[in-house]
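Novice: Next one to model:
(chains A and B)
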Amino acid sequence: DTAVSQTPKYLVTQMGNDKSIKCEQNLGHDTMYWYKQDSKKFLKIMFSYNNKELIINETVPNRFSPKSPDKAHLNLHINSLELGDSAVYFCASSQAAGGLYEQYFGPGTRLTVT
Amino acid sequence: AQKITQTQPGMFVQEKEAVTLDCTYDTSDQSYGLFWYKQPSSGEMIFLIYQGSYDEQNATEGRYSLNFQKARKSANLVISASQLGDSAMYFCAMREADSSYKLIFGSGTRLLVRP
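Specialist: Below is the predicted model:
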């Protein structure tokens, strides 16, 4: 029943490690997104994919690499984790990239880098 | 450049009363959408309501309504008959209908409903 799901929900790791967060949507949407919410609750777009094609890359360090194997999945891989990467990462999806469709968010993944 | 401003970091409201959460925006586009999301303490982001820039009527969804004043570039969220479960962070967001597919979020307003 879950529309947008993310795994894991919590991720605690040490600096320098590489980790991945997975996202899946069962809404049949064409477009998926990754957002980062910092400790002050500020939300910022990181990436967006439309039908497996990257359409937004918001000056995110190249340690972050999104991958979309199909339009229902958008995974986020992070290399060489840093303390500043600690945040909540949200995956979202919308019906299409064009137009003004609302975005539906996953439950978030709280990443803590120690 | 797109910008969303929420000037109320925190607000209180008495249960069963109405409350207005402010949001102003800045855009040079004629076609855009305004969204409100709720984030309870459990952390998920819940879509509440949408207003298109060309919509002549204010959007309503149950107890939520959007007071859209285009000339003032404001899109305030009104919650009627507040309930304890309305206590949460509320985010205003905007999306322009050009090649920019992203949502730009405001800094949020934390609403606390008092019994």
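Novice: By mean pLDDT, which helix or strand of chain A comes out lowest?
Specialist: Lowest by mean pLDDT, DSSP states H and E among the helices and strands of chain A is strand A:53-57, with a mean of 84.
Novice: From the chain's centroid, how far away is that strand?
Specialist: On the basis of Cα atoms, centre = their mean, to the nearest Å, the separation between the geometric centre of strand A:53-57 and that of its chain is 12 Å.
Novice: partners of it, with directions?
Specialist: strand A:43-50 (antiparallel) (DSSP bridges).
Novice: what's in contact with the partner strand?
Specialist: Applying Cβ atoms under 8 Å, 6 or more residues apart in numbering or on different chains, the external contacts of strand A:43-50 come out as A:30-38, A:54-58, A:60, A:64, A:66, A:68, A:71, A:74, A:76, A:89-90, A:96-97, B:91, B:101-105. Any C-beta I mention is one placed from the backbone N, CA and C, and that applies to glycine too.
Novice: same thing with stretch B:36-44?
Specialist: Where contact means Cβ under 8 Å, 6+ apart, the residues beyond stretch B:36-44 that reach it are A:41, A:88, A:105-108, A:110, B:21, B:23, B:45-49, B:64, B:66, B:75, B:77, B:85-93, B:105, B:108.
Novice: now the angle from whichever helix or strand comes after the least confident helix or strand of chain A to strand A:53-57?
Specialist: Read in the C-terminal direction, the helix or strand following strand A:53-57 is strand A:64-70, with elements assigned using DSSP states H and E. On the basis of axes from the mean of the first three to the mean of the last three Cα atoms, to 10 degrees, strand A:64-70 is oriented at 150 degrees to strand A:53-57.
Novice: Strand A:64-70 near chain B anywhere?
Specialist: No: using Cβ under 8 Å from any Cβ of the partner chain, we find that strand A:64-70 stays clear of chain B, coming within 13.8 Å at best.
Novice: from the chain's centre, how far out does that strand sit?
Specialist: The gap between the average C-alpha position of strand A:64-70 and the chain average comes to 9 Å, counting by Cα atoms, centre = their mean.
Novice: Alright, I will stop here.
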